[in-house]
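Trainee: need a 3D model of the sequence below.
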Amino acid sequence: ELAQRVSADPSFYDLGLKVGARVVPGTVSKEIATQTLRFHITDGTVNYPVIFKGLPPDTFTDSVEVVVEGRLQKDGVIHATNVLAKCGSRYEAVPKA
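Mentor: Residues are numbered from 1 along each chain as shown. Next up is the predicted model:
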């Protein structure tokens, strides 16, 4: 959906965005000294690199679904101001006894 939006509206860059996607396995790197988290997200067709300065949520893992808030730069990198990790186990039904 993000790729379609960007291709349809070139002025979309540098605007605030909030997008739900999945973290691409094997793309997560953390720089402890600068508290910088780098990873890629995908909507299933297009991957976008993300840079986030700050501590990731406790539930953030490789291949988790996330909501990323920030700005998409013209170089294709999303500079995130907030990263939320979805936790599926919190929403699953409790098995009946």
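Trainee: now for this protein, the helix or strand with the poorest mean pLDDT.
Mentor: For the chain, using mean pLDDT, DSSP states H and E, the weakest element among its helices and strands is helix 2-8, scoring a mean of 78.
Trainee: now do the next helix or strand after it: which elements does it pack against?
Mentor: Downstream of helix 2-8, the next assigned helix or strand under DSSP states H and E is strand 16-23. With contacts taken as 3 or more Cβ pairs under 8 Å, 6 or more residues apart in numbering; DSSP states H and E, strand 16-23 sits against helix 2-8, strand 36-42, strand 65-72. C-beta: built from backbone N, CA, C; applies to glycine.
Trainee: okay if I get the ones you listed as TSV plus mean neighbour count and distance to residue 79?
Mentor: Supplementary listing: these in TSV, determined by neighbours: other Cβ atoms under 10 Å; distance: least, Cβ to Cβ, whole Å:
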stretch	mean neighbour count	distance to residue 79
helix 2-8	13	14
strand 36-42	18	11
strand 65-72	18	5
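Trainee: flag the shaky bits of the protein, pLDDT-wise.
Mentor: 88-97 (pLDDT under 70).
Trainee: try it again with 50
Mentor: For the chain, residues meeting the criterion pLDDT under 50 lie at 91-93.
Trainee: all set, thanks.
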